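*Asks:* Sequence and predicted structure below; questions after.
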Amino acid sequence: MTTPAEPVRQTVWSRPARGLRGPAPAHSRDEIVAAAIVIADADGLGAVSMRAVATALGTGAGSLYRYLSSRDDLLDLMADRVVGQSGPYPQARDDWLEAMLEVARGQLDLHRRHPWLVDILPRPTAPGPQTLAWFDHCLGILRPVPAAPAAKFEAIALMIGVVSLFARSEAAGPALSFDGLDMAAYPHLVATLSGPPGPPPRRDLFGVTVRSVLRGLLTDAG
């Protein structure tokens with residue numbers, strides 16, 4: 001006995017910007033997304049609800065459903081809108097590795113301006129036009145690299161993961177403190193923490209990490 005396939009959620013990109021019924025729209029989809037981004041920037045992603053966005057626009061929550069079918073639609077639109085802010089993108093050049101590092105730095109700066117991105121981007125969803133344009137540009141930079149398409153997609157995905165990792169680390173603040181803890185059972189930690197601190201590292205850890213990931217995945221990939 002076969003079971004019917006679950007219906008696939010229709011993405012916001014495949015629907016009109018507003019419903020065909022009801023009164024003339026008082027707000028555009030762009031205005032709704034912009035208001036949601038302001039809320040997320042100020043109070044985090046958890047503060048973004050249909051009611052909160054409607055209140056910011058001076059309307060009722062029910063009216064937003066003329067433009068969006070759910071909060072998921074809103075989150076999809078927010079993510080894609082913000083990804084578009086990372087342009088203009090660096091042009092493809094002979095040194096593809098440095099061009100991709102420039103792209104990664106742009107993404108890290110985007111996460112610094114919109115800290116909620118680390119929570120919204122991992123959601124399973126269909127990519128929007130700005131996100132597709134970003135991926136397309138990355139693949140344009142990687143065009144001269146003699147690696148399989150799957151390797152290129154993996155490299156881009158892991159680069160995004162590195163950006164997210166560094167963004168989360170920055171948002172978390174200073175490293176953990178061991179003050180007041182009984183460290184007797186952890187001799188390697190004690191030896192490391194009690195030794196001479198030495199000079200602070202001067203290298204660009206983000207750049208080193210991104211270069212290492214991309215070089216390792218693409219230089220020897222076939």
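*Replies:* Thanks, I have the structure now.
*Asks:* S70 is in contact with S49, correct?
*Replies:* No: checked against CB atoms under 8 Å, the pair S49 and S70 is beyond contact range at 11.2 Å. Heads up, the C-betas are built off the backbone N, CA and C, glycines and all.
*Asks:* From M183, how far out is L189?
*Replies:* With the distance defined as CB to CB, to the nearest Å, L189 ends up 6 Å from M183.
*Asks:* An error on my part: the question was meant for M78.
*Replies:* M78 sits 44 Å away from M183 when distances are taken as CB to CB.
*Asks:* Looking at those two, which has the bigger crowd around it?
*Replies:* Set side by side, M78 and M183 show unequal neighbour counts under other CB atoms under 10 Å, the larger going to M78 at 24 against 11.
*Asks:* Spit out the contact partners of the more buried one.
*Replies:* The neighbourhood of M78, defined by CB atoms under 8 Å, 6 or more residues apart in numbering, consists of V33, A36, I37, A40, V48, I120.
*Asks:* cutoff 10 Å now
*Replies:* Under the criterion of CB atoms under 10 Å, 6 or more residues apart in numbering, the contact partners of M78 comprise 32-34, 36-37, 39-40, 45, 48, 114, 116-117, 120, 128.
*Asks:* Among these, which pair sits farthest apart?
*Replies:* I39 and G128 (19.5 Å; CB to CB).
*Asks:* For the helix of greatest length in the chain, give the mean pLDDT please.
*Replies:* Of all the segments of type helix in the chain, defined by DSSP state H, the longest one is helix 149-172. For helix 149-172, mean pLDDT is 93.
*Asks:* Next one: the closest residue to V190 other than its chain neighbours, what pLDDT does it get?
*Replies:* Setting aside the residues directly before and after it, V190 is nearest to M183 in space (CB to CB, 6 or more residues apart in numbering), at 5.1 Å. Each residue has a pLDDT score; the one for M183 is 78.
*Asks:* What's the separation between M183 and G198?
*Replies:* Between M183 and G198 the distance is 20 Å, computed by CB to CB.
*Asks:* try L205
*Replies:* Remark: distance between L205 and G198 (CB to CB) = 16 Å.
*Asks:* Just the CA atoms of the worst-scoring helix or strand of the chain on mean pLDDT, as PDB, please.
*Replies:* Least confident helix or strand, the chain: helix 187-194 with a mean of 81, by mean pLDDT, DSSP states H and E. As requested, C-alpha coordinates have been extracted for helix 187-194 and formatted as PDB (Å, rounded to 0.1, in the frame of the first residue of the first chain):
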ATOM      1  CA  PRO A 187      46.700  19.000  33.900                       C
ATOM      2  CA  HIS A 188      47.100  19.900  30.300                       C
ATOM      3  CA  LEU A 189      44.700  22.900  30.800                       C
ATOM      4  CA  VAL A 190      46.600  24.000  33.900                       C
ATOM      5  CA  ALA A 191      50.000  23.700  32.100                       C
ATOM      6  CA  THR A 192      48.800  25.700  29.200                       C
ATOM      7  CA  LEU A 193      47.000  28.400  31.200                       C
ATOM      8  CA  SER A 194      49.900  28.800  33.700                       C
END
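*Asks:* Can you tell me which one of the contacts of M78 sits lowest on pLDDT?
*Replies:* Lowest pLDDT among those: I120, with 88.
*Asks:* That one and L45 touch, don't they?
*Replies:* Yes: with contact taken as CB atoms under 10 Å, I120 and L45 are classed as touching, separated by 6.0 Å.
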